[in-house]
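Novice: Starting from these lines, generate the structure:
(one chain, ligands or ions: 1)
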Amino acid sequence: MEPMTTTTHTDSALVRAARGEDAPHTPVWFMRQAGRSLPEYRELRAGIGMLDTIRRPDLVAEITLQPVRRHGVDAAILFSDIVVPVAAAGVDVDIVAGTGPVVAEPIRAPQDVARLRRLDPVDVSYVDEAVRLTTAALGDTPLIGFAGAPFTLASYLVEGGPSRTHAKTKALMYGDPETWHALCARLAENALTFLRVQIDAGVAAVQLFDSWVGALSEADYRRFVLPHSERVLTGLADAGVPRIHFGVGTGELLGAMGEAGADVVGVDWRTPLDVATGRIGAGKSVQGNLDPTTLFAPWEVIEAEVRRVLDQGRAAPGHIFNLGHGVIPETDPAVLTRVTELVHTLSVR
Ligand code: CP3
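Specialist: Below is the predicted model of the structure:
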């Protein structure tokens, strides 16, 4: 399939910073910029379930554009969820408000893995349509596509829902490595298919979310996770769009994550960006890393923290300004707009 879009966004601040090229200013976007912090989102979502919303390309385009209109951010992120390709591949999963993904029958034994079918692009044709509609409406603003990384998706599938300890996930990993690797191999293959659908439909960059991988030691990450994430990221080497690799609590994993094949490594607020850059290794851009809770502090504090993040981001060949994790739903959207303006003002070249 040929991309329908006429622009590839290679001159956008987002793509230039991701590639370590000079950008007119530091690009800024926020994980979870669409969603419950915005009254216009809450209004549109009233009475419609999360997965039903995601299957409606017109609603996806509108929700994806809301934060771009309001904040003037440098990128949109497709309104979707990491469990979408899992549901599309046959697993009974729902997104429960206030909880997160809930899996009816968790995957814990060798025969369970088969319930996660190989994803066919037609299983997610509504995502293809949503990306086409959204990119057409966005014009010059690049759209970021995304997928969940094998570890984070496996953790939902094995636990059956969110978990603080990831105990069942680790029990499978240590107790039945063969099943663990079979599950992660299928998740990697499906993530690759899912990202290719989005790239063919016109996204300008992709992000692989490994939100919960910080639960692992570096040794376990290298042994049980890295080969699968690497398969996804290197599988897109010829796709022509920058690849962002993100996790939370990954201070000790940044070196290994830097080897997984991304162009940009996302960093949470625990590791300063200059320190992170040293760990990630040469030639990679960074994304992050304002603490999302800082947005509840007095403006003087926020401003000082934004300046610090921008200063420390200069250690890397390219910096994409973001939070260290998603926007907290109670955040005042006016503060996000003001932070966006401040990043632009302070970084203009
Ligand atoms: O603005 C954006 O970032 C776009 C869309 C987006 C959503 N989920 C929408 C969403 C993205 C990129 C995701 C990815 C996602 N989903 C991740 C990785 C990012 C991260 O935050 O670490 C993870 C771990 C999930 C799983 C998930 N889905 C969780 C933990 C939750 C929150 C549950 C809750 O209600 O607190 C969801 C639901 C979800 N995904 C919502 C949104 C806007 C809230 C549901 C709603 O509005 O009804």
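Novice: buried ones in the helix or strand hosting D274?
Specialist: If you go by DSSP states H and E, D274 is part of helix 273-280. For helix 273-280, the neighbour count (16 or more other C-beta atoms under 10 Å) marks L273, A276, T277, R279, I280 as buried. Bear in mind the C-beta positions are built from the backbone N, C-alpha and C, glycine included.
Novice: how about stretch 227-245 as CSV, C-alpha atoms only?
Specialist: Only the C-alpha atoms of stretch 227-245 are listed here, as CSV (Å, rounded to 0.1, in the frame of the first residue of the first chain):
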residue,chain,number,x,y,z
PRO,A,227,15.9,-9.9,21.7
HIS,A,228,12.1,-9.4,21.2
SER,A,229,12.1,-5.6,21.4
GLU,A,230,15.1,-5.6,19.1
ARG,A,231,13.2,-7.7,16.6
VAL,A,232,10.5,-5.1,16.4
LEU,A,233,12.8,-2.1,16.2
THR,A,234,15.4,-3.5,13.8
GLY,A,235,12.5,-4.9,11.7
LEU,A,236,11.6,-1.3,10.9
ALA,A,237,15.1,-0.2,10.0
ASP,A,238,14.1,0.1,6.3
ALA,A,239,10.7,1.8,7.0
GLY,A,240,12.1,5.4,6.8
VAL,A,241,10.5,6.7,10.0
PRO,A,242,12.3,7.4,13.4
ARG,A,243,11.8,4.8,16.1
ILE,A,244,11.4,5.9,19.8
HIS,A,245,11.8,3.3,22.5
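Novice: So what pairs up with I77 in the strands?
Specialist: For I77, the beta-bridge partners are I144 (DSSP bridges).
Novice: how close does it sit to L254?
Specialist: Distance of I77 to L254, computed by C-beta to C-beta, to the nearest Å: 22 Å.
Novice: residue in the stretch 51-200 of the chain nearest to the ligand?
Specialist: Going by C-beta to the nearest ligand atom, the ligand is nearest to G100 of the stretch 51-200 of the chain, at 3.4 Å.
Novice: Residue ranges in the chain under the pLDDT threshold?
Specialist: 1-7 (pLDDT under 70).
Novice: residues in it within reach of the ligand, list them.
Specialist: When proximity is defined as C-beta under 6 Å from any ligand atom, the chain approaches the ligand at 31-36, 45, 50, 77, 79-82, 95, 97-101, 146, 152, 209, 211, 326.
Novice: mind checking how far S285 is from V158?
Specialist: From S285 to V158 the distance is 32 Å (C-beta to C-beta).
Novice: Specify the local secondary structure of T152.
Specialist: helix (DSSP: H, G, I helix; E, B strand; the rest coil).
Novice: so it sits right up against A215, yeah?
Specialist: No - counting by C-beta atoms under 8 Å, T152 stays clear of A215, with 9.7 Å between them.
Novice: wait, what's in contact with the closest residue to D176 other than its chain neighbours?
Specialist: Excluding the flanking residues, the one nearest D176 by C-beta to C-beta, 6 or more residues apart in numbering is P110, at 7.3 Å. By C-beta atoms under 8 Å, 6 or more residues apart in numbering, the contact set of P110 is D176, E178, T179, A182.
Novice: same check, this time on A61
Specialist: Counting by C-beta under 8 Å, 6+ apart, A61 has contacts A130, L133, T134, A137.
Novice: try it again with 6 Å
Specialist: Neighbouring residues of A61 by C-beta atoms under 6 Å, 6 or more residues apart in numbering: L133, T134, A137.
Novice: What lies in contact with stretch 217-228?
Specialist: Residues from elsewhere that reach stretch 217-228 (C-beta under 6 Å, 6+ apart): P150, F151, M173, C184, A188, E252, L253, A256, A260.
Novice: how many other residues sit next to the fifth one?
Specialist: Neighbours of A188 under the rule other C-beta atoms under 10 Å: 23.
Novice: tell me which element it is part of?
Specialist: A188 belongs to helix 177-201 when assigned by DSSP H and E.
Novice: Pull the residues that contact that helix.
Specialist: Contacts of helix 177-201 (C-beta under 6 Å, 6+ apart): 1, 85, 89, 110, 113, 116, 119, 121, 124, 127-128, 131-132, 145, 147, 150, 153-154, 172-173, 206, 228, 231-232, 235, 239, 241.
Novice: Just the residues you listed: which are in helices?
Specialist: Residues of the contacts of helix 177-201 located in helices (DSSP state H): 85, 127-128, 131-132, 150, 153-154, 172-173, 228, 231-232.
Novice: In three-state terms, label D94 for me.
Specialist: Using three-state DSSP as the criterion, the local structure at D94 reads strand.
Novice: Setting aside sequence neighbours, what's the nearest residue to it?
Specialist: V102 (5.5 Å).
Novice: Verify the stated contact: the one you found with G161.
Specialist: Yes - contact status for V102 versus G161: in contact at 4.7 Å, counting by C-beta atoms under 6 Å.
Novice: For the two, indicate the residue with more neighbours.
Specialist: Higher neighbour count among V102 and G161: V102, with 17 against 14, using other C-beta under 10 Å.
Novice: For the helix or strand hosting that one, which outside residues touch it?
Specialist: Element membership for V102 (DSSP H and E) is strand 100-103. With contact meaning C-beta under 6 Å, 6+ apart, strand 100-103 is reached by V83, V93, D94, I95, V96, Y156, L157, G160, G161, P162.
Novice: Farthest-apart pair in those residues, please.
Specialist: V96 and L157 (15.5 Å; C-beta to C-beta).
Novice: Noted, bye for now.
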